[in-house]
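**Student:** 3D model of this:
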Amino acid sequence: MQWAEYSESQRKSISHGLEARLELAKSWCVPVAQDAVWTVDQIHDFAIGGKMLRGILASLSYEIFAPGLIEELIGSNVSDNIGEQSIAMRLACGIELIQAGLLVHDDIMDKDELRRGKPTLHKVFAAHNASEAAGQGQAICAGDLFYFLSIQDFARVGASIGELVAQELSMVCIAQMEDCKSGEAQDIPALERVLSLYRYKTGRYTIVLPLKAGAAAAGRFDAFPFLEEIGENLGILFQIQDDRLGLFGDEQSLGKPIGSDIREGKKTPYVLFLLEALPAPEKHIFEGILGKGSVSASEIEYVRTLIMQHGIDEKVAALARGYQERATVALERLSSELQGIDYEKLDLLRQFVETSSIRTR
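**Tutor:** Numbers count the residues shown, from 1 in each chain. Sure thing, here's the model as predicted:
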């Protein structure tokens with residue numbers, strides 16, 4: 001099986017799982033408020049619109065590390081609510097609910113108006129209430145609701161999952177607080193500081209958390225050191241690729257405006273390398289564009305031209321390749337040093353690592 005085929009199949013399954021959970025949530029919410037059904041419908045549309053990468057990786061990790069457990073459960077004809085599909089699906093849905101909540105809150109903090117080509121959730125609520133303040137307040141609650149719903153799924157999988165998720169997401173929150181501050185700061189951070197932020201704000205919860213959660217659900221804690229190394233390197237690569245797509249990607253595929261990092265003044269590796277390379281006149285112009293809030297298409301094109309002219313794109317690509325190579329080495333060590341794993345499913349993870357540097361969305 002190929003990664004694209006597997007991931008699309010899992011994405012559809014996770015979407016169905018989320019639909020069922022949110023439909024059930026209506027029964028609790030209807031007595032609470034007149035708008036309850038409409039509100040849950042908006043939350044539903046937001047939750048199922050993404051790539052669901054984190055849920056797919058969590059499900060895949062469980063399948064990699066639980067072949068013996070899966071066979072035992074199938075042989076005993078246990079009911080589906082505790083069968084292997086249920087474990088993988090609950091894990092995947094729980095992580096995707098967390099992801100949805102983080103995105104809702106992130107859009108508010110970044111003042112973004114589009115997510116996946118549609119109005120962000122706080123904008124949807126604002127339009128419904130004819131009030132920006134009410135829209136933001138309701139969206140904050142919606143993000144919290146995603147978190148609370150995820151607890152149900154994690155509780156069914158096991159206590160160790162809840163502990164793991166709480167620890168990883170605590171680090172995300174601290175890193176996000178640092179990111180909020182860095183966009184306003186005038187100082188230029190060292191590259192190591194930026195990459196550390198990538199590690200904890202995005203990398204770990206994007207790759208490390210799903211992989212470790214799947215292994216933990218299968219009881220394979222011996223895989224944790226390998227998954228840490230794979231996940232941290234791949235997670236940083238993933239964020240660097242997000243930076244690239246944010247500058248050179250297709251706006252329709254991304255579902256958000258190109259150049260948002262420049263508009264917000266984020267100190268990405270592209271920005272750091274460019275500031276080092278530019279002569280004084282161009283540097284002055286670039287600093288006037290960076291973080292000014294409203295950036296024109298011509299200004300973004302000017303920045304992209306500078307990046308290509310000064311070899312910054314290749315410099316960032318080399319940085320990304322280093323992380324991909326380290327993730328590949330760690331994956332090969334896992335394959336050779338651990339026993340009792342599904343090597344066909346492990347090959348899907350290998351394919352994901354190989355294609356992470358060429359993704360388009």
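
**Student:** tell me the phi and psi of W38?
**Tutor:** Note on W38: its backbone torsions stand at phi -60, psi -40 [degrees, to the nearest 10].

**Student:** list the contacts for it?
**Tutor:** By Cβ atoms under 8 Å, 6 or more residues apart in numbering, the contact set of W38 is H128. (Each C-beta comes from the backbone N, C-alpha and C, glycine too.)

**Student:** now do the buried residues in stretch 253-260.
**Tutor:** L254, K256, I258, G259, S260 (16 or more other Cβ atoms under 10 Å).

**Student:** that stretch: end-to-end distance?
**Tutor:** Using Cα to Cα, to the nearest Å, one end of stretch 253-260 lies 15 Å from the other.

**Student:** which outside residues touch that stretch?
**Tutor:** 110, 112, 114-118, 245-249, 251, 263, 295, 299-300, 303, 360-361.

**Student:** and if you look at stretch 208-226?
**Tutor:** The contact list for stretch 208-226 (Cβ under 8 Å, 6+ apart) reads 54-66, 69, 87-88, 91, 95, 157-158, 160-161, 164-165, 168-169, 227-228, 230-232, 235, 330-331, 333-334, 337-338, 340-341.

**Student:** at 6 Å what do you get?
**Tutor:** Stretch 208-226 is touched from outside by 54, 57-58, 61-62, 65-66, 87, 91, 95, 157, 160-161, 164, 168, 227, 231-232, 330, 334, with contacts defined as Cβ atoms under 6 Å, 6 or more residues apart in numbering.

**Student:** take the residues you listed and keep only those in helices.
**Tutor:** 54, 57-58, 61-62, 65, 87, 91, 95, 157, 160-161, 164, 168, 227, 231-232, 330, 334 (DSSP state H).

**Student:** just the angle between the stretch of helix or strand I240 belongs to and helix 53-65, please?
**Tutor:** Per DSSP states H and E: I240 is located in helix 224-248. Inter-element angle recorded for helix 224-248 and helix 53-65: 150 degrees (by axes from the mean of the first three to the mean of the last three Cα atoms, to 10 degrees).

**Student:** so for the helix or strand that helix 224-248 is followed by, mean pLDDT?
**Tutor:** Downstream of helix 224-248, the first helix or strand assigned by DSSP H and E is helix 251-254. What helix 251-254 shows for mean pLDDT is 78.

**Student:** repeat that for stretch 123-136.
**Tutor:** Mean predicted confidence for stretch 123-136 is 94.
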